[in-house]
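> Attaching a predicted model along with its sequence, questions to come.
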Amino acid sequence: MANIQADKETAIADEGIAYATKLLMKNWPNWQNITGITECTNVDLTSADGNHFHLQCGVDPTLFGGFAVQPYQLAVIATAYKAGPGGLVPGRARLAYLSPKTLAAYLPTGTSASAALYLANPPAGALNVNWGPIVLNTTATTPWHVTDFVGPAGGAPPSWPATMDSGQYPRKFSQSQIYGDAVLRASGNPPPVPPASWPTITDQKEYWAYASIGFPGQIDILSPTGYKSLAAAETTGVTQTGGTTCCNTGTGCGCFTGAAQITGGALGPGDILYVEGDAQLDNLNVDMPLGAIIVTHNLILGNALTPINHTDVHVPNTAHYEYPVLPLKNTWYQKINEGQMVTTFNTNIHTFIYVGNNLTVNGNWSVVGAIAVDGNVNVSAGAGLAVWYDDNVNRNIKVGDPQLQVDFLRDIATQ
């Protein structure tokens, strides 16, 4: 009986969070400005079904159990009310952190896992991903074979070696099979067919095979305020061979149509590099955490320079989820400045990268931010791609269908 009551209170509290989400969406894009949303600020409400709950929204960590609220988030506490001897009394309370929906896996629990690498097909070649999960959103039957890599020639810590199989990191979400060499996971090696008889398809820690991961936010490329328009409006010059500029002015910008090779440019934190066609990047070190590199067809990462120091890399406060198994759980990249800026970090590119078709890596590249690829990812022999997730980069991705997602959901003590 007690369990039934607890489940009912949880459902009412979750109803309150859903109600708050709708209220905040009505205030888009100023959804974090709760001053004018009185129904989400320390009030008691009754749903259409007659359920009673209390809502408290804000960003002050002292009100929300001391959990850090990131700049792109808003915290909501929904407390269910139940009948007591003298009337309604507080019951179960639930805490949710909300943020804009971009690239993520959306789990049956109602929470999300924002992606460092969002793919349409299993990757091939030397790959190392840290601080954020890999999401494989595919209907293909090709299994995802997770392997370890020593790394490219000249590859060094912290990017290499990569032990994503034996070290069981980062989290892996896929609508298809997942298997490894050191760790069999759900399917064994080679994966049996059919999978219906497998006893498990997830360990609820590192891998989720045959998972329902929902749909990501739709990347806004061609709307009047989309990436192409933003790139065309810039006045920052880019060093390129091939391609035709699609700038609004004659002073140069980051917008090109046709195949283009990009070899440099004075690109700043919020700048956009847009290529409508195939592109190749060579000898490029850029810091664009609020911007993006958008390539509508194929992208080649060619010759890579020695990575340079960046002082504005943000380690997500969820980084520890990516290392569920010892000893990697205690390594430096899980502990260092989690939820804060890292002021010393060497990388080639710090931004969001979108590739409309295939991504080919021919050099030893390091990327901080997030990457989405609609085709295949192929890392050539002797090359390597190291990806470090920056949640600020992910949450600045422009999407054309704004929605809110639940980053974090848990029971807390009744307020």
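Structure received.

> How about residues contacting stretch 355-364?
With contacts defined as C-beta atoms under 8 Å, 6 or more residues apart in numbering, stretch 355-364 is touched by 125, 151-155, 295-304, 371-380, 383-385. The way it works is simple: take the backbone N, C-alpha and C, and place the C-beta from them, glycine included.

> so which helix or strand takes in the closest residue to L222 other than its chain neighbours?
The shortest distance from L222 to any non-neighbouring residue, by C-beta to C-beta, 6 or more residues apart in numbering, is to K228 (5.8 Å). Per DSSP states H and E: K228 is located in helix 227-232.

> which other helices and strands contact that helix?
Secondary-structure packing of helix 227-232 (3 or more C-beta pairs under 8 Å, 6 or more residues apart in numbering; DSSP states H and E): strand 255-257, strand 272-276, strand 286-295.

> right, and those strands - which one's nearest N30?
N30 lies closest to strand 286-295 among the helices and strands packed on helix 227-232, at 18.4 Å (C-beta to C-beta).

> Paired strands for the closest one, with orientation please.
Counting by DSSP bridges, the strands paired with strand 286-295 are strand 272-276 (parallel), strand 349-355 (parallel).

> quick one, which of the ones you listed is nearest to A266?
Comparison of those against A266 by C-beta to C-beta identifies strand 272-276 as nearest, at 11.7 Å.

> What are the contacting residues of the closest one?
So strand 272-276 is in contact with 227-228, 230-232, 234, 238, 243, 246, 254-258, 260, 262, 265, 267, 286, 288, 291-297, going by C-beta under 8 Å, 6+ apart.

> again, 7 Å this time
Residues from elsewhere that reach strand 272-276 (C-beta atoms under 7 Å, 6 or more residues apart in numbering): 227-228, 230-231, 234, 238, 243, 254-257, 260, 262, 267, 291-296.

> can I get the CA coordinates of it in CSV?
C-alpha atoms of strand 272-276 as CSV (Å, rounded to 0.1, in the frame of the first residue of the first chain):
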residue,chain,number,x,y,z
ILE,A,272,30.3,30.3,-38.2
LEU,A,273,32.2,28.4,-40.9
TYR,A,274,29.6,27.2,-43.4
VAL,A,275,30.3,25.1,-46.6
GLU,A,276,27.4,24.1,-48.8
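
> ok now it, how far from the chain's centre?
21 Å (C-alpha atoms, centre = their mean, to the nearest Å).

> now it: mean pLDDT?
On average, the pLDDT along strand 272-276 is 96.

> So in that sheet, which strands flank the helix or strand following it, and in what orientation?
Next helix or strand after strand 272-276 toward the C-terminus (DSSP H and E): strand 279-281. Sheet pairing here is set by DSSP bridges, and for strand 279-281 it gives strand 260-265 (parallel), strand 299-301 (parallel).

> which one's the longest helix in this protein?
The helix spanning the most residues in the chain, taking DSSP state H as the definition, is helix 2-25.

> got the CA positions of whichever helix or strand comes after that one in PDB?
From helix 2-25 onward toward the C-terminus, using DSSP H and E, the following helix or strand is strand 43-46. Provided in PDB are the C-alpha atoms of strand 43-46 (Å, rounded to 0.1, in the frame of the first residue of the first chain):
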ATOM      1  CA  VAL A  43       3.200  28.500  -5.700                       C
ATOM      2  CA  ASP A  44       0.600  25.800  -5.100                       C
ATOM      3  CA  LEU A  45      -1.300  24.600  -8.100                       C
ATOM      4  CA  THR A  46      -4.100  22.100  -8.900                       C
END
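
> ok now strand 43-46, how far from the chain's centre?
Distance, centroid of strand 43-46 to centroid of chain: 33 Å (C-alpha atoms, centre = their mean).

> likewise stretch 374-383?
Computed by C-alpha atoms, centre = their mean, the chain-centroid distance of stretch 374-383 equals 20 Å.

> now stretch 69-89
28 Å.

> Show me what that stretch is in contact with.
Contacts of stretch 69-89 (C-beta under 7 Å, 6+ apart): 9, 12-13, 16-17, 20, 24, 32, 52-59, 61, 64, 90-100, 317, 391, 395, 407, 414-415.

> What residues are bridge-paired with L88?
A83.

> err, V355, not the other one
With DSSP bridges applied, the residues forming beta bridges to V355 are V295, V373.

> what's around it, how many residues?
By other C-beta atoms under 10 Å, 26 other residues sit near V355.

> Next, find the distance separating it from T202.
V355 sits 28 Å away from T202, going by C-beta to C-beta, to the nearest Å.

> And for N357?
Counting by C-beta to C-beta, the separation of N357 from T202 is 30 Å.

> show me what contacts L409?
Neighbour list for L409: 94, 96, 110-111 [criterion: C-beta under 7 Å, 6+ apart].

> okay, the helix or strand where it lies in PDB with CA atoms only?
Counting by DSSP H and E, the element that carries L409 is strand 404-412. Extracted in PDB, the C-alpha atoms of strand 404-412 (Å, rounded to 0.1, in the frame of the first residue of the first chain):
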ATOM      1  CA  LEU A 404      13.200  21.700 -23.300                       C
ATOM      2  CA  GLN A 405      14.800  18.500 -22.100                       C
ATOM      3  CA  VAL A 406      15.200  17.000 -18.600                       C
ATOM      4  CA  ASP A 407      18.900  16.700 -17.800                       C
ATOM      5  CA  PHE A 408      18.600  15.500 -14.300                       C
ATOM      6  CA  LEU A 409      15.700  14.100 -12.300                       C
ATOM      7  CA  ARG A 410      15.800  12.700  -8.700                       C
ATOM      8  CA  ASP A 411      13.800  12.500  -5.500                       C
ATOM      9  CA  ILE A 412      14.800  15.000  -2.800                       C
END
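
> what residues go with each domain of this structure?
2-100+404-412, 102-398 (automatic domain parsing).

> any idea which of these is most buried?
Scoring the domains of the chain by mean neighbour count under mean count of other C-beta atoms under 10 Å gives domain 102-398 as the most buried, with a mean of 19.

> Dump the strands paired with strand 286-295 into JSON lines; add distance to R171 as well.
As requested, the strands paired with strand 286-295 are exported to JSON lines (distance: least, C-beta to C-beta, whole Å):
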{"stretch": "strand 272-276", "distance to R171": "29"}
{"stretch": "strand 349-355", "distance to R171": "20"}
